[in-house]
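Novice: structure of the sequence below:
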Amino acid sequence: MTDMTPKPKLKAPYTDRLNPQYGTNPNAERKRAEAFELLNSFVRHHGGSITSPPGRFVRIECPRGSALPDELRKLGYNISERGTVTRITSMDYVSPADEKFTGAPSPFAEYSVFEITLSGR
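Specialist: Below you'll find the model as predicted:
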């Protein structure tokens, strides 16, 4: 007597067809990571900071009046302004009265926020 139990079906061909693997090109991933690292070093060198995780859109903060947005425009990046944000710097607390009358620097700083795409377009 022969064994008539059905063989289990493999789901791999169906899974591959329904769930294609996008973005698995290791060279493209490496190039994107290198581009992010180069942009990060450029932004830090010019007094700004990247406040978003690595990805297609990069959010950057720099002190108000900084030349960083102009430098990025010269490199060919399209910049989208996203407003301003107030950050607490590493200075000691200064009361508003002392700040007003003595001219002591405030621990709060205004930063411009803008966004660019990593590809530069």
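Novice: pull out the buried residues from stretch 72-82.
Specialist: Under the neighbour-count criterion of 16 or more other C-beta atoms under 10 Å, stretch 72-82 has 72, 77 buried. The way it works is simple: take the backbone N, C-alpha and C, and place the C-beta from them, glycine included.
Novice: using PDB, write down the CA coordinates of that stretch.
Specialist: Output of stretch 72-82 as PDB, limited to C-alpha atoms (Å, rounded to 0.1, in the frame of the first residue of the first chain):
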ATOM      1  CA  LEU A  72      23.300  74.400   1.200                       C
ATOM      2  CA  ARG A  73      21.500  76.300  -1.600                       C
ATOM      3  CA  LYS A  74      24.900  76.800  -3.300                       C
ATOM      4  CA  LEU A  75      25.400  73.100  -3.200                       C
ATOM      5  CA  GLY A  76      22.100  72.600  -5.000                       C
ATOM      6  CA  TYR A  77      19.700  71.600  -2.200                       C
ATOM      7  CA  ASN A  78      16.100  72.800  -2.200                       C
ATOM      8  CA  ILE A  79      15.300  74.200   1.200                       C
ATOM      9  CA  SER A  80      11.800  74.200   2.800                       C
ATOM     10  CA  GLU A  81      11.500  76.600   5.700                       C
ATOM     11  CA  ARG A  82       9.700  75.000   8.700                       C
END
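Novice: contacts for it, please.
Specialist: The contact list for stretch 72-82 (C-beta atoms under 8 Å, 6 or more residues apart in numbering) reads 59-60, 69, 112-117, 120-121.
Novice: and the strands in this protein?
Specialist: Ranges of strands within the chain are 49-50, 57-63, 80-88, 108-117, based on DSSP state E.
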